[in-house]
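Asker: starting from these lines, generate the structure:
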Amino acid sequence: MPAYSGAMTASTRPLTHELRFGRLASGARIAWARSGRAGAPAVLRVAHWMTHVEMDLRSAIWQPWLQRLGRDLEIVRYDERGCGLSGSDSTALGLDAAVEELEVVADACGSARVALLGISGAAAPAIAYAVRHPERVSHLVLMGSYTHGLLHRQPTADKLAFHEALVRLVELGWGRADPAVQQFFTTGFVPDASLAEAAALNEQQRLSCDGQRAAAILRARVALDVRALAPLVQVPTLVLHSAGDMVVTVESGREMAAAIPGARFETLPSRNHYPLAGEPSFERFCELVTGFVTAAPARPRLTPREQALAALVAKGLDNLQIAAHLGLAEKTVRNALSLLYTKLGVEGRPQAVARTRDLHY
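Answerer: Sure thing, here's the model as predicted:
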């Protein structure tokens, strides 16, 4: 097993990672890897289109991401079921399956809280996980994202026919030695890629899974819909989108940011679906993500009594337990908590627990 590099720099030192495996309820394995700066805030990259955790180490596209973000962050990533080094099972692909994979990796990596990085179709499971487990998520970063897929956008008959033709092309042509089918996706994802970057993405797509699995993923992505979940997100959220994205329009990114309470939105000057090393948007992306995830939360001014209350909230105690500790009536505790939540800028107990722990009460 490769050693986990605890002090990642921009030097010529070969990129290494710690590779491990988790298990889904079906018994299928999920491959996940960790690299970057040990002990730093953890960013968990949710599995997106055609991953392969081992190929990341030598990919002309993903290696620079891991090197640059790994200077200041711990990076965790994984392959979804049926892709890369992860196993397959008979579970239908979709939001629930994707969240199950994310839950397994989030639990296995050992971090009490992680920042989630959801790129493109991976934004949906990132949002769903953040809503289901707000106490486990410190930040949410979405790149090239959308709230709902093609099937929920009243597509015309021609658009549906084109999509089905594309799915069929993938089923029949994915495993061919000629990378023409993969290149079709590569051209859309990263139109400004160098020859080396395009070749790397073509090869990673080919090795990630076979045509049947790739087609199944395509069908699952267009069926995603988190419009009902997005307004329930309670964690700090940063939504980024390339201004000239050819795969997911920038308007979809604005739509996403508007749906999530308090989300920050910023466009990047690029035509690529995700930034590539060497373009200005790449460094801007890395600066934004690192700054957002590592920024220390502002500490509100609390009275001694409120500080004591915050400490009990941080321990996960309920209202009755807090009342017993403080010798107060439960109604008094409820009122005091309401005022505390306002000062902390949170809504509800799960968000308050996360916030008080961030502030080390």
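
Asker: can you list the low-confidence ranges for the stretch 151-300 of the chain?
Answerer: 297-298 (pLDDT under 70).

Asker: hmm, 90 instead?
Answerer: Segments of the stretch 151-300 of the chain classed as low confidence (criterion: pLDDT under 90) are 175-179, 234, 295-300.

Asker: need the contact partners of the helix or strand encompassing residue 307.
Answerer: Using DSSP states H and E, residue 307 maps to helix 304-314. Helix 304-314 has contacts (CB atoms under 8 Å, 6 or more residues apart in numbering) with 302, 321-322, 325-326, 333, 336-337, 339-340, 343-344, 349, 352-353, 356-357, 359, 361. Placement of C-beta: from N, CA and C, glycine included.

Asker: for the protein, which helix is longest?
Answerer: Using DSSP state H, we find that the single longest helix of the chain is helix 157-173.

Asker: okay, angle between the helix or strand just after it and helix 157-173 too, please.
Answerer: Downstream of helix 157-173, the first helix or strand assigned by DSSP H and E is helix 180-189. Put simply, helix 180-189 runs at 130 degrees to helix 157-173, going by axes from the mean of the first three to the mean of the last three CA atoms, to 10 degrees.

Asker: same for whichever helix or strand comes after helix 180-189, what does it pack against?
Answerer: Moving toward the C-terminus from helix 180-189, the next helix or strand (DSSP H and E) is helix 195-208. The helices and strands touching helix 195-208, judged by 3 or more CB pairs under 8 Å, 6 or more residues apart in numbering; DSSP states H and E, are helix 180-189.

Asker: what sits up against the helix it packs on?
Answerer: With contact meaning CB under 8 Å, 6+ apart, helix 180-189 is reached by 49, 166, 169-170, 173-174, 193, 198, 201-203, 205-206, 246-247, 272-274.

Asker: which among those residues count as buried?
Answerer: 49, 170, 174, 193, 198, 201-203, 205-206, 247, 272-274 (16 or more other CB atoms under 10 Å).

Asker: distance of residue 214 from residue 171?
Answerer: Distance of residue 214 to residue 171, computed by CB to CB, to the nearest Å: 8 Å.

Asker: who's more crowded, these two?
Answerer: residue 214 (24 against 18; other CB atoms under 10 Å).

Asker: of all the buried ones among the contacts of helix 180-189, which two lie farthest apart?
Answerer: 174 and 272 (22.5 Å; CB to CB).

Asker: list the buried residues in stretch 249-259.
Answerer: Residues 250, 252, 253, 255, 256, 257, 259 are the ones in stretch 249-259 that count as buried (16+ other CB under 10 Å).

Asker: residue 232 is in contact with the last one, correct?
Answerer: No - in this structure residue 259 lies outside contact range of residue 232 using CB atoms under 8 Å: 10.0 Å.

Asker: what is in contact with the two at once?
Answerer: Common neighbours of residue 259 and residue 232 (criterion: CB under 8 Å, 6+ apart): none identified.

Asker: and residue 107, helix, strand or coil?
Answerer: helix (DSSP: H, G, I helix; E, B strand; the rest coil).

Asker: tell me who's in contact with the residue lying closest to it once chain neighbours are set aside.
Answerer: Excluding its sequence neighbours, the residue lying closest to residue 107 (CB to CB, 6 or more residues apart in numbering) is residue 22, at 7.7 Å. By CB under 8 Å, 6+ apart, residue 22 lies in contact with 29, 30, 32, 104, 105, 107, 108.

Asker: what do you get if the cut-off is 10 Å, keeping everything else the same?
Answerer: Counting by CB atoms under 10 Å, 6 or more residues apart in numbering, residue 22 touches 28-32, 78, 86, 101, 103-109.

Asker: restricted to buried residues, select the residues you listed in ChimeraX.
Answerer: Paste this into ChimeraX to select the buried members of these, with burial taken from 16+ other CB under 10 Å:
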select :28,29,30,31,32,78,86,101,103,104,105,106,108,109
